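Engineer: take this sequence and fold it.
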Amino acid sequence: MDVAERKAYIVGSGLAGLSAAVFLIRDGQMPGENITIFEELPLPGGGCDGIKDERLGYIIRGGREMENHFECLWDLYRSIPSLKNPGQSVLDEFYYLNMDDPSSSPVRVTFEQGKDAHTLHKFTLSDAAALEMTKLVMTPERDLQDKKITDVFSKDFFESNFWLFWRSMFAFEDWHSAIEMRRYVTRFIHHTHNLTDLSCLKFTSYNQYESLIQPLISYLMEHNVRFEYDTVVNNVVFRRGSGKQIASQIVITQSGERKVIYTDERDLVFVTLGSNTENSAYGDQNTVPVIPDSIGPAWELWENIAAQDASFGNPKKFYGDIAGSNWESATITCIDEKIPAYIAKLTGRDPYNGKIVTGGPITAKDSSWLMSWTVSRQPHFAVQKANEIVAWVYGLFSDEPGDYIKKPMKECTGEEITMEWLYHIGVPVSEIENLAKNHAVSIPCMMPYVTSYFMARKDGDSPLVVPECSKNFAFIGEFVETPADCVFTTEYAVRTGMEAVYTLLELDRGVPEVFASAYDVRVLLQATAALLDGRKLTDVKLPVVQKIALNKVLKMMSGTVVEDMLKENHLI
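Structural biologist: Alright, predicted model coming up:
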């Protein structure tokens, strides 16, 4: 069938939906005017946001940490022109920026009001915890169904620096999925030795909306893709025939009016399932965020879809426990040099010099909220004034009373969150109230489903990108299943968009394999050495049988290349 005669409908304009549209045009040769994107919000981007609200000020709900081996992401952006640097692609812009200004964290963990906890290259994993890490990596996912992280690790692990680094960088909680924990460990095992200083990370020039989303929108608009904003997709109706299913109707609501778009097997339908930013609630300097009572349109859509076929997933597994999936962030704009002076004192870096400042999150390990904060390259917004510095703060424990503000984070105004932050970065108590009130503007954002991706799950809870029964539809986004990669990343979203397009159009181009560093013995040895904090393999306390087996293996390796590699990594 000639692709020029086909139409495509995409539900959701997050990174997955936008990338699917690009792949349809670039690799599928579909005319852009044949593509329609439905978005429930008045602007695109999904979780990749960044805006200066005329009433509230600068807002970012989160940030995106990237690395070299996001193969699908960089394949996408090699074709997208940079808006900041004419003549370059977004990939070019990103590459040269991070070559000129590589990331690293001058202080990864603090305690006692802004003191450096000196955690550099110290994972503090006990022998027992290190063995538990090894066991998790060796355990197949079929044996981790519905298991939580607490089911595979003991107290020693949760008291280690490794867990502190890990949970504050990726936002994992004790009760989250052991499957996803394993995927993260294996997916990023090549960065283990950089986890303490975050020198493995790469960042965009501005916030992710301006640096990642706007170039995609510009590209798609130039190709005449149609965007329909403020459009709620209520349902996609599937019809079975000849052993296959087709998406036959898309039910939408626009301006209060219910409409039906009829589709047949010539049309392609891509549906973003779920949303970790659904029902995000904003406060302001003097107001506490209040989340809505409903689950939100994105989850209602998935419920309506899942009711039609068991293979379409189990959405309640992800949205059904807000207490386990929520946390709160705040965008704090410093309006003069008063507060940035304390940031410079703690990090040893000038926030105004246009280069990396914190290089990832700095975590106050004794914070009752488990508060982490970051200051990216400034300006973080193209329209930012020269005197302004934008910081992002989040607390993983939104229900716990603070250390300076004796209230749970979820009950705090923006000003109160700023005060708690100032306390943990070392501002003298006598100055905190004045600085928070008169020298900063803080916009808190409560997100009830922000880590819903991580909730414990089993096979089938997330549907396949292209279900076996599908004739003309695919599911995309972070709540669908694509093997080996890990959710809550820009890479995962783009990978699902690519896989969906290539499969439905039967393109003769393969989706790049997930970077397989977990199968590289050199990487495994390097990671092992880092996790042991300099201890030798023979120093690890093992059961007698395993100790004997290790000694036999080491004896067999004597005089071989493997022995050389073990010595190079100081493991023997």
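Engineer: contacts and neighbour counts: CA atoms only from here.
Structural biologist: Noted.
Engineer: strands of the stretch 101-250 of the chain, residue ranges please.
Structural biologist: 109-111, 115-116, 226-228, 231-241, 244-254 (DSSP state E, counting those that start in this stretch).
Engineer: pick the most deeply packed of those strands.
Structural biologist: strand 109-111 (a mean of 22; mean count of other Cα atoms under 10 Å).
Engineer: give me the sheet partners of it and which way each runs.
Structural biologist: strand 115-116 (antiparallel), strand 362-364 (parallel) (DSSP bridges).
Engineer: with distance to F158 added, can I get the ones you listed in JSON lines?
Structural biologist: Below are these laid out as JSON lines (distance: least, Cα to Cα, whole Å):
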{"stretch": "strand 115-116", "distance to F158": "21"}
{"stretch": "strand 362-364", "distance to F158": "16"}
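Engineer: figure out which of the ones you listed is closest to I179.
Structural biologist: With Cα to Cα as the measure, strand 362-364 is the member of the strands paired with strand 109-111 nearest I179 (25.1 Å).
Engineer: other SSEs contacting whichever helix or strand comes after that closest one?
Structural biologist: The C-terminal neighbour of strand 362-364 among helices and strands, as given by DSSP states H and E, is strand 371-374. For strand 371-374, the elements it packs on are strand 362-364, strand 389-395, judged by 3 or more Cα pairs under 8 Å, 6 or more residues apart in numbering; DSSP states H and E.
Engineer: tell me which of the ones you listed sits most buried.
Structural biologist: Sorting those by mean neighbours (by mean count of other Cα under 10 Å), the first place falls to strand 362-364, with a mean of 27.
Engineer: tell me the gap between it and the middle of its chain.
Structural biologist: Between the centre of strand 362-364 and the centre of its host chain there is 18 Å, according to Cα atoms, centre = their mean, to the nearest Å.
Engineer: again, but for stretch 114-130
Structural biologist: 24 Å.
Engineer: would you mark the buried spots in it?
Structural biologist: 114, 116, 119-130 (16 or more other Cα atoms under 10 Å).
Engineer: can I get these in TSV with distance to Y219?
Structural biologist: Shown next, in TSV, are those (distance: Cα to Cα, whole Å):
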residue	distance to Y219
G114	44
D116	45
T119	44
L120	42
H121	43
K122	45
F123	44
T124	47
L125	47
S126	51
D127	52
A128	52
A129	48
A130	47
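Engineer: okay, the strands paired with strand 109-111 in TSV with mean pLDDT next?
Structural biologist: Below are the strands paired with strand 109-111 laid out as TSV (pLDDT from 0 to 100):
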stretch	mean pLDDT
strand 115-116	96
strand 362-364	98
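Engineer: closest to G477 out of those?
Structural biologist: Closest approach to G477 among these (Cα to Cα): strand 362-364, 28.7 Å.
Engineer: sorry, back to before: what's the farthest-apart pair in the buried residues of stretch 114-130?
Structural biologist: G114 and A128 (31.3 Å).
Engineer: and for A306, the neighbour number?
Structural biologist: Neighbourhood size, A306 [other Cα atoms under 10 Å]: 16.
Engineer: excluding chain neighbours, give the residue nearest to it in space.
Structural biologist: Nearest in space to A306, with sequence neighbours left out and distances taken as Cα to Cα, 6 or more residues apart in numbering, is F312 at 4.9 Å.
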